[in-house]
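Participant: how would this look folded up:
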Amino acid sequence: MKNILVLCTGNSCRSQIAEGYLQFYAGDKARVYSAGVEVHGVNPKAIKVMASDGINISHNTSNHVDEYMDVEFDYIITVCDNARENCPYFPSKAQRFHYNFPDPAKATGTEQEIMQEFEKVRDMIKTYADYFVAQNL
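Facilitator: Numbers count the residues shown, from 1 in each chain. Down below sits the predicted model:
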């Protein structure tokens with residue numbers, strides 16, 4: 001079984017969404033963790049947008065990357081430039097991947113416009129997760 005770590009700035013949206021889809025697509029082939037270089041809590045809109053696609057992340061927790069220093073990861077995926085640039089040194093032989101997804105938490109406008117941005121980013125991450133699992137697991 002492979003260990004996958006998804007890193008983002010606050011471990012509230014993009015990394016939580018990625019964790020949900022990676023675990024969904026990987027099934028029992030991987031254990032998926034997510035963490036941030038900061039901890040902001042799981043964004044309720046991320047929970048809502050994932051639920052609308054049948055993935056429950058309501059029990060996920062927001063974790064700091066330091067909590068996983070003792071886990072031997074096979075893959076580390078950064079989902080924003082800030083995490084890629086500011087992640088503390090992580091002693092690992094893991095393969096590293098990076099994709100800078102837009103931050104839906106920074107969306108402005110009406111509630112509907114904000115949720116549309118969450119849906120857009122969710123769908124981007126879903127496509128990435130499906131492809132990642134197909135290529136690497």
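Participant: residues of the longest helix seen in the chain that come out buried?
Facilitator: Counting residues, the longest helix found in the chain (DSSP state H) is helix 111-136. If you call a residue buried by 16 or more other Cβ atoms under 10 Å, then helix 111-136 has these buried ones: 114-115, 117-118, 121-122, 124-126, 128-129, 132-133, 136. Where C-beta positions appear, they are placed from N, C-alpha and C, glycine not excepted.
Participant: which other helices and strands does that helix contact?
Facilitator: Applying 3 or more Cβ pairs under 8 Å, 6 or more residues apart in numbering; DSSP states H and E, one finds that helix 111-136 makes contact with helix 14-26, helix 44-51.
Participant: average pLDDT for the shortest one?
Facilitator: Summarised as a single mean, pLDDT over helix 44-51 is 97.
Participant: repeat that for the longest one.
Facilitator: With pLDDT averaged residue by residue, helix 14-26 scores 97.
Participant: if we can go back for a sec, ok, of the buried residues of helix 111-136, which one's closest to Asp28?
Facilitator: Among the buried residues of helix 111-136, Val133 lies closest to Asp28 (Cβ to Cβ), at 12.1 Å.
Participant: how close does the closest residue to that closest one other than its chain neighbours get to Arg96?
Facilitator: Nearest residue to Val133 in three dimensions, chain neighbours excluded: Tyr25, at 4.0 Å (Cβ to Cβ, 6 or more residues apart in numbering). Relative to Arg96, Tyr25 is positioned 19 Å away (Cβ to Cβ, to the nearest Å).
Participant: likewise Phe24?
Facilitator: Separation of Phe24 from Arg96 (Cβ to Cβ): 22 Å.
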